[in-house]
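Participant: after the sequence you'll find the predicted model.
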Amino acid sequence: MTTALPDWMVLPPGGLSAADYEALDEEVCRAIEIVDGAIVVNPAPRRMHQRIIRRLSYAVEAACGPDLAVEFDVDLRLRDVPLLNRRPDLVVYDAWLGADAVLRPEACHLVVEVMSPGSVTVDQIDKPAEYAAAGIPRFWRVENATDEVGGLTVFCYRLDGTTRSYVPVGAHQRRLTVSDPFELSVELPELL
């Protein structure tokens, strides 16, 4: 027995375009990313993953001030052709950006991914390379080794403008303390 694909999964020749993506239902867009015009379906994150990113977003938002905005699980258009559309776990961007404007790398200051068992390669290799190539100045990856207090590590990177790749600037356990792009100090066990 074969199961027919939903209409939104049937790609036009050449892959999904920005216009095709924008025509999709919002509920569909929440569960997918587009890589080189191809649809990548993402499984729903675990509750612990969501808790970490929600709590981190509150701390980051409190530290940012009025010039920066913080959102989690939103579309980030890295490229129009072929379409490359990611949904970072957390993004810090210019607050002046209109609510209906497409979020693009030029407005971004920081992108954060919380690594899950099913996203190791994507979060360690693919997404950092894409974010760096797009010129996003900072990237953080949160790894949760144990789901227990003290199990979080936040790896922080800054963009090397010459190579358009990220270079490590710190690995934080127990407490995340940074001064760029904003002053922030967070007890990591409080995110669990």
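Facilitator: Right, received. Where do you want to start?
Participant: gap between Tyr21 and Arg174?
Facilitator: 40 Å (CB to CB, to the nearest Å). Placement of C-beta: from N, CA and C, glycine included.
Participant: cool, and Pro82?
Facilitator: Per CB to CB, Pro82 is found 42 Å from Arg174.
Participant: who has more neighbours out of these two?
Facilitator: Taking other CB atoms under 10 Å, Pro82 and Arg174 do not tie; Pro82 has more neighbours (15 against 11).
Participant: for that one, give me phi and psi.
Facilitator: When quoted as degrees, to the nearest 10, the phi and psi of Pro82 stand at phi -60, psi 150.
Participant: contact partners for it?
Facilitator: For Pro82, the residues meeting the contact criterion (CB atoms under 8 Å, 6 or more residues apart in numbering) are Gly14, Gly15, Asp36, Gly37.
Participant: how about 7 Å then?
Facilitator: If a contact means CB atoms under 7 Å, 6 or more residues apart in numbering, then Pro82 has Gly15, Asp36, Gly37 as its contacts.
Participant: could those residues go into a markdown table alongside distance to Pro137 and pLDDT?
Facilitator: Conversion of the contacts of Pro82 to a markdown table gives the following (distance: CB to CB, whole Å; pLDDT from 0 to 100):
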| residue | distance to Pro137 | pLDDT |
| --- | --- | --- |
| Gly15 | 29 | 86 |
| Asp36 | 24 | 93 |
| Gly37 | 27 | 92 |
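Participant: from the residues you listed, pick the one nearest Arg86.
Facilitator: Among those, Asp36 lies closest to Arg86 (CB to CB), at 11.9 Å.
Participant: contacts only, for that closest one.
Facilitator: By CB under 7 Å, 6+ apart, Asp36 lies in contact with Gly15, Pro82, Leu84.
Participant: just give me the longest helix of this structure.
Facilitator: The helix that spans the most residues within the chain, counting by DSSP state H, is helix 47-64.
Participant: appreciated, that's everything.
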